[in-house]
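Trainee: turn this into a structure:
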Amino acid sequence: MRTPPRGGYARGALSSWFMGRRTGTSSEEVDPAVGKRAWLLLMGSLISAVGDRFAAIAYALFAVAVHSPGLLSAVFAAELIPPLLFGLIGGVVTDKFLRRWLWPAVLALQAVCFLGMSRTQAPWAIVALVATSSSLAALIGPVGTVLLRLVTDASRHTNVARWSGICDGFAAVGGTVAAAATFQASATHVLFLVDAASFVGLAALGAVAMRGLTLPRPARGTSVRPADALVGFARLTSPRAFGGPGTAMLVGVMFGTSLEGIVGVFFLRDVMRVAPTMYGVVIGSWSVGMLLGPALFRFRAHLQGATWWRFMPTCALAMGACIAVPAVLVDQWATIAAFVLGGAANGLFNVGITSAIFRGVDQDEQGRAWSAFGILGGTCALLGYLTGAAFGSTHARLTMLASGALPAAVGILALVSGPRELRGGRGLRGLRGRGLRGGAHLAEPVTGSHSPAPSADAAAATTTAPSSGPAAV
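Mentor: Model prediction:
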């Protein structure tokens, strides 16, 4: 719904710890301004993601209140279609025409859209305002994520990606808790107001983060050609980022987790017959895992080369296996355990995505790369949701198994046929896991597309699926 922000705020020792000691540099080498900017953007990411969760709850409550089941489908289309139509334009805007006032101004307009939602009872108005907000976000591009990369030193990209994953995990858990706490209240106007306030907060943090920041500008006389909008796809498939097999892996994971997001509802209700009181626990376990994975895992080296080549496919393989476990065992407690581990894999996979694009794409092409990633994620989400709607109710168990088998299969394929440039080396030598409560190492792996993050933008490309929990890139 909004451009991919990333944000948080801390000063003094905490800023030095994040931007310096955690990456092996001395605190004296840390630029306080750069550290502050990164934390502001990370806090903005958290506020943005939490606001989107509240909005999703409000859509569901509004659909129930007006007895319009088709409203959610219309809202989903209004969120998804504008990024597919305008995403490439937004990538060019971010890379070549970004100004310090532009992002806060667009966020303010989006806040007005959600303020309007809190004041209307007309379903058509809700859909129109959602489409307007989504179009604004798509046209400006993934500004927040691009700025986060800009203000972060190259040696700290993986660490920043980890903190971004932690913010996504907090938002996922917070969204589950908020859903349980507010569903009975049916105060949709309050939820829309909360999301409007999150846009205002993000705009304020973004404006402060960009104060005095020199934004990249294209050289004078540089013309923009139609082919420039497609550069992002070439950068994603480059061996510097994901390579061919890695991009195929991303597509498989995003489609599989989107498919699970729909079929999981039917599987838990009709096959596993989960009690209503336990349904929230089951789907929330994935969100808990998304927080635990990045929080408990430690990255001591950059996710690139041989390290990335083994880490990302291993995460995809583990995530797919954890989705398939419920379809095989049909046991409630085994499903909860598998979803916690799968969520941890999901969170780590998201860290790998952010780190790979940060390190594999030049700064002046980041916007187009993230926009291309968002289009891939949105397309996979659309196809996954349509497939789940077609087969979820009639073949729930088989479709659930297939939604897990696909990420696992593409993970194995990427391990076997990774680019030659990435082969060799010591695999996971740059990773050290403390495990869950100091136990076994987490050897698992994103967005369900929604986002891209999620967060619903291209950069967030990491998001959670709507039902049972898993998220795809």
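Trainee: show me where the stretch 301-450 of the chain has its helices.
Mentor: In the stretch 301-450 of the chain, the helices defined using DSSP state H, counting those that start in this stretch lie at 305-329, 332-360, 366-391, 396-417.
Trainee: Ala55 is nearest to which of these?
Mentor: Distance to Ala55, taken as Cβ to Cβ, is lowest for helix 366-391 among the helices of the stretch 301-450 of the chain, at 16.8 Å. Yep, even glycine has a C-beta here, placed from its N, CA and C like the rest.
Trainee: need the helices of the stretch 301-450 of the chain in CSV (columns: mean neighbour count, distance to Arg211 and mean pLDDT).
Mentor: Putting the helices of the stretch 301-450 of the chain into CSV (neighbours: other Cβ atoms under 10 Å; distance: least, Cβ to Cβ, whole Å; pLDDT from 0 to 100) gives the following:
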stretch, mean neighbour count, distance to Arg211, mean pLDDT
helix 305-329, 25, 34, 85
helix 332-360, 27, 23, 91
helix 366-391, 25, 21, 91
helix 396-417, 21, 42, 90
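Trainee: could those helices go into CSV alongside distance to Ile57?
Mentor: Listed next are these as CSV, based on distance: least, Cβ to Cβ, whole Å:
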stretch, distance to Ile57
helix 305-329, 24
helix 332-360, 20
helix 366-391, 19
helix 396-417, 24
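Trainee: closest to Phe62 out of those helices?
Mentor: Nearest to Phe62 among the helices of the stretch 301-450 of the chain is helix 366-391 (19.7 Å), distances taken as Cβ to Cβ.
Trainee: chain center to that closest one: distance?
Mentor: Relative to the centre of its chain, helix 366-391 is centred 12 Å away, using Cα atoms, centre = their mean, to the nearest Å.
Trainee: helices or strands up against that helix?
Mentor: The helices and strands touching helix 366-391, judged by 3 or more Cβ pairs under 8 Å, 6 or more residues apart in numbering; DSSP states H and E, are helix 70-96, helix 143-150, helix 231-236, helix 243-266, helix 332-360, helix 396-417.
Trainee: whichever helix in the chain runs longest packs against which elements?
Mentor: Ranked by residue count, the top helix of the chain under DSSP state H comes out as helix 32-65. Contacts defined by 3+ Cβ pairs under 8 Å, 6+ apart place helix 32-65 against helix 12-19, helix 70-96, helix 123-140, helix 143-150, helix 157-182, helix 188-210.
Trainee: picking that back up, let me have the helices and strands packed on helix 366-391 in CSV, extended by distance to Gly212.
Mentor: Output for those, formatted as CSV (distance: least, Cβ to Cβ, whole Å):
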stretch, distance to Gly212
helix 70-96, 19
helix 143-150, 13
helix 231-236, 28
helix 243-266, 36
helix 332-360, 23
helix 396-417, 42
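Trainee: which one of those helices lies closest to Ser287?
Mentor: Of the helices and strands packed on helix 366-391, the one closest to Ser287 (Cβ to Cβ) turns out to be helix 332-360, at 6.3 Å.
Trainee: by how many degrees do that closest one and helix 143-150 diverge?
Mentor: Relative orientation of helix 332-360 and helix 143-150, computed by axes from the mean of the first three to the mean of the last three Cα atoms, to 10 degrees: 60 degrees.
Trainee: who touches Leu191 in this structure?
Mentor: The contact partners of Leu191, by Cβ atoms under 8 Å, 6 or more residues apart in numbering, come to Phe54, Ala55, Ile57, Ala58, Leu61, Thr182.
Trainee: quick check: closest non-adjacent residue to it.
Mentor: Among residues not flanking Leu191 along the chain, Ala58 sits closest, at 3.7 Å (Cβ to Cβ, 6 or more residues apart in numbering).
Trainee: surely the one you found meets Leu193?
Mentor: No. Counting by Cβ atoms under 8 Å, Ala58 stays clear of Leu193, with 9.4 Å between them.
Trainee: neighbour count: these two, which is higher?
Mentor: Using other Cβ atoms under 10 Å as the criterion, Ala58 and Leu193 rank with Ala58 on top: 26 against 19.
Trainee: give me every residue that touches that one.
Mentor: Residues counted as contacts of Ala58 (Cβ under 8 Å, 6+ apart) are Met117, Thr188, Leu191, Phe192, Asp195.
Trainee: swap in 6 Å and give it another go.
Mentor: Listed by Cβ atoms under 6 Å, 6 or more residues apart in numbering, the contact set of Ala58 reads Thr188, Leu191, Phe192.
Trainee: nearest to Ile126 among the contacts of Leu191?
Mentor: Comparing these against Ile126 with Cβ to Cβ places Ala58 closest, at 9.1 Å.
Trainee: could you report the separation of that closest one from Leu71?
Mentor: Ala58 is 11 Å from Leu71, where distance means Cβ to Cβ, to the nearest Å.
Trainee: flag the shaky bits of the chain, pLDDT-wise.
Mentor: Within the chain, the stretches with pLDDT under 70 are 1-34, 69, 179-180, 182-186, 218-223, 299-308, 418-473.
Trainee: run the last query once more with 80
Mentor: Counting by pLDDT under 80, the chain has low-confidence residues at 1-35, 64-70, 154-156, 174-187, 216-226, 276-277, 279-280, 298-309, 392-393, 417-473.
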